[in-house]
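1. this one's structure only:
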């Protein structure tokens, strides 16, 4: 679950993190009103991607009329496939310095990592690549969270590579950053987020420390603990996803792990590794996968049916390759689902099934009785489906 | 800061712990109204002490009229020196079982301990003495708090010595107690409490698990983190303390560590150990200390003055013994405060000062110049003050 | 010999009375695993599949001397089950459960770091030591065959594929370990490689990685420092599209690691032959073992 | 010899630039303590009392090789300062600060339990090894005198009383340790007794307890199991009124321990002579040391 900037900032505020005053506007008129309340504003498209500034999605408006015009322009944009259902109008800050502050999962350390740099703003990835020592890192104990002394050291380490004059004294920086980092880290834990990022973290010329932008991404596996938040975000999320691939939106609705790839061979398998390898096999045989669809472990007949239906919603699909290697998933369950779906959905495109593993024999017998000949070798099955689709296309 | 039952239960509710429906009544009429809303109620005096039931402070009322009568009676009571500013009227529970659940500081383990017993209710201290194995204990890691598996084991351990039939199945008990204990422990940490106790923890005949009573005590040293709560509780706390020793109430207002003891020799010292030993010395010389007053480490002249004023508020005080052994406290500061206070307060009772340690010389010179002869030996000084008071009394 | 699991391992199954727990415990028993108990809080004292059920792992350990557990509990409770196993002093916890919140696993890992318990998984097929007739997890029984190959893989289903394909050509396994596909794992490739290095019966290791993370790159570093046995590599997801990324944190942390090409390059630089297909793996194994 | 602190100890003062920190650092320097640095976050790079100030303990340790710290920071920040000292690898942290929230100290203790750092305090006068001209804390300089007596006490001011009274009769100290009066402490009586047992120059130990807790009872158990040196006991608060207790938890946890009579009885049962007054302590010490 990716939060839009204004949603992320609502969470920041709740956690006690300072954000600029702002209003969400869904029409030019709302933006006009926001500007008359707030004074000069920056108007930002609300889409769940980075690099909005470079894509022209961030503009300054110094008068209500200008805000209206800018909002009209931005709301009509399409940014990397996303339409713009709303803009965020925020008071214009007098930026003194831009820092980077982020909390995210570090897979290697198996912990959340806090990252702080005085080289914040748009170029942070370049900084990370060229002068990684300018980004200070802290891996707090997940039970205690970051101790104040650890945050002070993080700040001192980041400061050691800061360039140019500082707006705040060292003592002021330390006393601002200790509670800020604690709150951001705790928010990350409370929300089960795998990313909470403030870039830029603005220090204004007046010495205020404010979140200039906000990115929050919530772990999908933990969404069961955040139903309320998901509901709250529902409307906007639906709107924001309007620019997304329609098939993927539908797959999410069906609770399937599906990625649309654009080819013509639908691929279904159990286990991400197996499905990825199946894509590789199809490609190696000269085919083009239409999608990645992992039915996961232990899928029941119903899930298999759901998956087949999903793949067939893609009008480009000319053939389907189902690759099942049973472990926790049982062959007979998959077979039942396949047969049921084929009969009910009246599938006409070629369907190649490769099945082995747990309850392989039972599954195989069911399939054969229903006139589907399962393959045992995955490469052979991949070759078959590619050939069949090629033939059908002739 | 000790919370009254209804204040504790407000915190429990906020933390998601089930409590009976209830209303606070400060007049017989309010109690009557509460009963007509809630049906039959139990009416309980709201004073910050245990054993209210045994002292006659808990009564059942089955009709609004009865509630009015019972409340009139209870509100007029004095319970161990406490007047009763309010009663809590709670729906009558059909009690199936009474458990004990408490979180408190275990000094020996230097951790909070969670204690659970199926022998809850009024006799828990007896159970603790005679059959301590019937109280299961858990010392969670203070950073992680109690893990669910630890709470399950705690419950199983407590269950092993439960007697009689259980209202709930083991599986039900486990699933009720895991979140309950987590919430109580977290509340204890959030409030910086040194005690959060539910006794009895009632399991109703219907199988609900409800806090029958609630005791919360907040660490005085952490009150700076709970100003808002202190304000919220302010009114009731003031009311509840009306039964307390007036001198102690005044001392709290003056932020002094003072205990009223009832004798005629006022005792002031720096450091709890020193003051306790000074009390012992006064007693050994045949005197009766009027109070314990610890000005703590590093006290400034102002604090010394404040302390002297406080001691003299007690009309029984016939003499004062100030015992200072400077470490972080400096002799000259104490001397200044003493001289200032003596002059401004026009102290007429005998004042014996014993002073040694940091800046002893400077302090001694100041005192001597002001006509106060300081002693060096504490036992000698104790003897002198006891003799002077005895003489003055002749 | 084998790693992690042998015929002496006494196994308790956490969540045995659930439907997956029941099915796979039966499979484990059929394979010959010494399953000695089940744990289902609230059901202690009962029996299931002829085995005693306990309310807690600690009680099961006291009563049965179990040293290993398999975790089949739902995702919301799985991290707690892992910690329970570690607190009870088990040597090895194998967590099959998938979809566990990542921060739960971060905490479970931190809990384990102070203790001597090894974790395989989560979101993994578990492990199997065919020569010892012992498995914990869900690797299909018919895939195991005793032999000299150590297998370690992130993907469950690919583990089965590899075992089956090796077996079809006569190459069995000392132990096959599916370390799991989650971002936060117990044993890493490097950990398992070190165990295989010390196992005298393992002659060769097949290591099947996939895109994401940098465990494969770390394993390549280990191998590059001088690994005593041949390693055949495989990386799946070569044709997977790049994921959509929000924010910069991911890029800062992982830099250029994580892609299939980064992993293949790292392994090849360490002297590992990386096969393109599972057939290719079998060919490499065959070449190594027939040569020696 | 001495315990915990000697002439080689290099001391950093956390909170040195505050008024208490300044005053007592001067006193420590006058006594001869090797104070090598101060720590005041945000003031790093400056000088105070002729000593360098650092922003963090870690930086001070790197620059000066400090091994001990004295904590003089306000209560809200003290537990963090203790953990900072431990994380920086100090051998000993001495926390003078009083009024620290008890749950902060619970967390600090848990933090220390995984590390090799010893803590004295909080809410304590610190410690002094007169023969080594070294002290950390606030024990008045004139109270220290080298000699064969180990002193351990909960109360600060009583520590001074005892040192002064002993000194007046010619009995100096190897080390005097005020372990502090808070409910949650670092070193306990037992810990310090064990250190004194191992110090060849300490011939006798004076242990001054007070009501509350059961550290004195635990120390009595230790002594009862066979302690190699004579111990003179003292318990203050005999005439203190019983505290008002809410709830039952306190009684359940502490049972009958904690009262002056419980402590005196436990110590006497362990063979310790318990003096009634400070004069009595001196008499007992005198009797023991003149005899030997």
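-> Looks like it came in fine. Every value quoted in this text rests on a predicted model; they were computed, and no experiment measured them.
2. Number of residues surrounding residue C:220?
-> 29 (other C-beta atoms under 10 Å in any protein chain shown). Just so you know, the C-beta spots here come from the backbone N, C-alpha and C atoms, and that holds for glycine as well.
3. next SSE after the helix-or-strand element of chain A with minimal mean pLDDT?
-> Within chain A, no helix or strand scores below helix A:227-240, which has a mean of 68 by mean pLDDT, DSSP states H and E. Remark: after helix A:227-240, the chain's next helix or strand is helix A:246-253, criterion DSSP states H and E.
4. Which strands or helices does that following helix pack on?
-> Helix A:246-253 sits against strand A:257-260, helix A:301-312, with contacts defined as 3 or more C-beta pairs under 8 Å, 6 or more residues apart in numbering or on different chains; DSSP states H and E.
5. And the residue of chain C that's closest to chain B?
-> residue C:42 (2.7 Å; C-beta to the nearest C-beta).
6. now the nearest residue to residue A:206 once chain neighbours are set aside: how far from residue A:22?
-> Leaving aside its sequence neighbours, residue A:206 sits nearest to residue A:94 (C-beta to C-beta, 6 or more residues apart in numbering or on different chains; 6.8 Å). Separation of residue A:94 from residue A:22 (C-beta to C-beta, to the nearest Å): 16 Å.
7. Break the chain into its domains for me.
-> Since you didn't name a chain, this refers to chain A. Structural domains assigned to chain A are A:1-20+A:94-244, A:21-92, A:246-393, following automatic domain parsing.
8. think we crossed wires, I meant chain C
-> C:7-123, C:139-292.
9. Kindly state which of those domains is positioned closest to residue D:18.
-> Set against residue D:18 and scored by C-beta to C-beta, the domains of chain C come closest in domain C:7-123, at 35.1 Å.
10. and the residue in the stretch 201-350 of chain A positioned nearest to chain D, which of the three is it?
-> Proximity of the stretch 201-350 of chain A to chain D (C-beta to the nearest C-beta) peaks at residue A:207, 14.7 Å away. At residue A:207 the chain is in coil, as set by DSSP: H, G, I helix; E, B strand; the rest coil.
11. mind checking which helix or strand residue A:105 is in?
-> strand A:95-106.
12. just checking, what packs against that strand?
-> Counting contacts by 3+ C-beta pairs under 8 Å, 6+ apart, strand A:95-106 is packed against strand A:111-117, helix A:170-190, strand A:193-204, helix C:249-254.
13. The second one and chain B, are they touching?
-> No. Using C-beta under 8 Å from any C-beta of the partner chain, we find that helix A:170-190 stays clear of chain B, coming within 12.2 Å at best.
14. what comes into contact with that helix?
-> Applying C-beta atoms under 8 Å, 6 or more residues apart in numbering or on different chains, the external contacts of helix A:170-190 come out as A:11-12, A:15-17, A:101, A:103, A:112, A:114, A:116, A:140, A:142, A:145-146, A:148, A:151-152, A:154-156, A:159, A:166, A:168, A:193, A:195-196, A:198, A:201, A:207, A:209, A:216, C:103, D:41-44, D:55.
15. Report the buried residues of that helix.
-> Within helix A:170-190, the residues that qualify as buried by neighbour count (16 or more other C-beta atoms under 10 Å in any protein chain shown) are A:170, A:173-178, A:180-189.
16. same question, stretch A:31-40
-> Neighbour-count burial for stretch A:31-40, counted by 16+ other C-beta under 10 Å, picks out A:31-35, A:38.
17. Check stretch C:12-32 too.
-> C:12-18, C:20-25, C:27-29, C:31.
18. Restricting to those, which residues neighbour chain A?
-> Answer for the buried residues of stretch C:12-32 near chain A (C-beta under 8 Å from any C-beta): C:20, C:24, C:27.
19. In this model residue A:93 seems to touch the residue of the stretch 201-350 of chain A closest to chain D, though I could be wrong.
-> No. Residue A:207 sits out of contact with residue A:93 when judged by C-beta atoms under 8 Å, with a separation of 11.9 Å.
20. Who has more neighbours out of these two?
-> With other C-beta under 10 Å as the criterion, residue A:207 and residue A:93 differ in neighbour count, and residue A:93 comes out ahead with 17 against 12.
21. circling back: pull out the buried members of the contacts of helix A:170-190.
-> Buried among these by 16+ other C-beta under 10 Å: A:11-12, A:15, A:17, A:101, A:103, A:112, A:114, A:116, A:140, A:142, A:145-146, A:148, A:151-152, A:154-156, A:159, A:168, A:193, A:195-196, A:198, A:201, A:209, A:216, C:103, D:41-44, D:55.
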